[in-house]
Every structure is written in structure tokens, then in C-alpha cells.
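Engineer: 3D, please:
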Amino acid sequence: MRKRRRMPRRWASVLVPVALGATVALGVGACGTEPAAPPSTDPGPSGTSIADTTRPPATTVPAAVGPLEVGSSADLPDLRVTVVRADVGDQTNRGLARGRFLLVSVRLQAAGEGIDYGPRDWSLETTDGEIPPFALAEDDRLGFGELTAGGVEEGRVVFDLGTTTGSAQLRYRSPAGTARWIVELGGGVPPGAAAPPVSSAP
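Structural biologist: Presented below is the predicted three-dimensional model:
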């Protein structure tokens, strides 16, 4: 058997540093540059951290209440809206308009300043689509105006139902939010016959 020749000491002392140098070089090449530092959270000039300045601004989501039963109140920001009663009748405008109408009595109570109101804030959502308010000429109609803090406004909003029947949702909509109430519209009416009274009053 041939004996393995031992490496001279002078070569061993040279190769060990070279091997160590290669290892260090490989380590640096694998890691690349130093990792980036995390975003600074030091307070900026206004006292807000720099990281916070990248957040999107907060948005206010309008309130949504309901569906409620007739007679219930919806508490929206700075405003309480109450549907006092809702009845189906066969005439309005002092008897000059005949057909099938939903007659709704509402009350608005303001807790803040500058609350605009009007009949166009209301609509009726049915299976046949959305019905806008009917042009009402009676003295107790809900008009247009602005409420101050503590102010109260009452009035009626009317919808021309035509042949729409079943259940529907009465909707109030304003910049502060929306509210809905369930109302019953009753069944169909034969041609020429008066609409039977239907009430959603509590």
C-alpha cells in the first residue's frame, strides 16, 4: 500500500488563510448589501410620526338604520326621524286627486344646527321600483326648510301607488344617513272600486 504524502507545512500555512478568505468573500456576496432600516417613527414637525403620514385620511360612513316598524324612530347624527303612521287611501289633495295613495305622517327632531328637510328626502321602494313623493297641496304637507337645534317639524308625505300592492319600504335619505320602515300597501283594487283602508299605524 502506498503511503499518502503529507503536505509540507509551508503550503498548509498558506492555504488556510486563503480558504478563510474565500469563505468570507462568499458570505458577503450571498448577503449583498445590508438590509434596509425599518421606516422611521420619529415624530415629525406636527408631532405625528412619519409612518402615520402614509395612512389614507379617515372617512365618515353615513348611518343606516332599519328596516323599522311604523311608529318607530330612527336616530341619525343630529336628527331623530319618526314615521308616526302610514295609511293607504283613495284620495288626497282635498279629494281632488283620486286613486291609491300611501299617506305617511312624519316627525323630524333636530339635535344639531342647519338640518335641511323636505319631501324629496323620502321615497318608497317597492317590487315595481322606486316611487317618488306625490305633489301634495294640502296644508299639513311636509314642506321645505331648515331646522335649528331643538327644532321640530311635522307633516305628511304622499305616494301614488297605482296598482302596486304588498309590502314596501319607506326610505328617508339625507347626508347624515338613511333609515327605512316597512309599510303594508294592501291588495289590489278592482277597476272603479274604492281602495279599502290599509293602515301601518302602530
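Engineer: what are the ranges of the helices in this protein?
Structural biologist: All helices of the chain, identified by DSSP state H, fall at 9-31.
Engineer: show me where pLDDT drops low in it?
Structural biologist: 1-62, 187-202 (pLDDT under 70).
Engineer: In it, what residue spans correspond to strands?
Structural biologist: In the chain, the strands defined using DSSP state E lie at 63-69, 73-76, 79-92, 97-110, 115-117, 122-126, 129-131, 145-147, 152-160, 167-174, 177-184, 198-199.
Engineer: Rebuild these as CSV, extending it with distance to residue 137 and mean neighbour count.
Structural biologist: In this view, the C-beta of every residue, glycine as well, is placed from N, C-alpha and C. Listed next are the strands of the chain as CSV, based on distance: least, Cβ to Cβ, whole Å; neighbours: other Cβ atoms under 10 Å:
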stretch, distance to residue 137, mean neighbour count
strand 63-69, 29, 15
strand 73-76, 28, 18
strand 79-92, 9, 20
strand 97-110, 9, 20
strand 115-117, 19, 19
strand 122-126, 17, 20
strand 129-131, 18, 13
strand 145-147, 17, 15
strand 152-160, 10, 19
strand 167-174, 21, 19
strand 177-184, 23, 21
strand 198-199, 23, 16
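Engineer: Figure out which of those is closest to residue 139.
Structural biologist: Closest to residue 139 of the strands of the chain, according to Cβ to Cβ: strand 152-160, at 9.4 Å.
Engineer: Now do the contacts for residue 73.
Structural biologist: 80-82 (Cβ atoms under 8 Å, 6 or more residues apart in numbering).
Engineer: circling back to that earlier point, the strands of the chain into JSON lines, with extra columns for distance to residue 139?
Structural biologist: Shown next, in JSON lines, are the strands of the chain (distance: least, Cβ to Cβ, whole Å):
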{"stretch": "strand 63-69", "distance to residue 139": "28"}
{"stretch": "strand 73-76", "distance to residue 139": "25"}
{"stretch": "strand 79-92", "distance to residue 139": "12"}
{"stretch": "strand 97-110", "distance to residue 139": "13"}
{"stretch": "strand 115-117", "distance to residue 139": "17"}
{"stretch": "strand 122-126", "distance to residue 139": "18"}
{"stretch": "strand 129-131", "distance to residue 139": "23"}
{"stretch": "strand 145-147", "distance to residue 139": "15"}
{"stretch": "strand 152-160", "distance to residue 139": "9"}
{"stretch": "strand 167-174", "distance to residue 139": "22"}
{"stretch": "strand 177-184", "distance to residue 139": "23"}
{"stretch": "strand 198-199", "distance to residue 139": "22"}
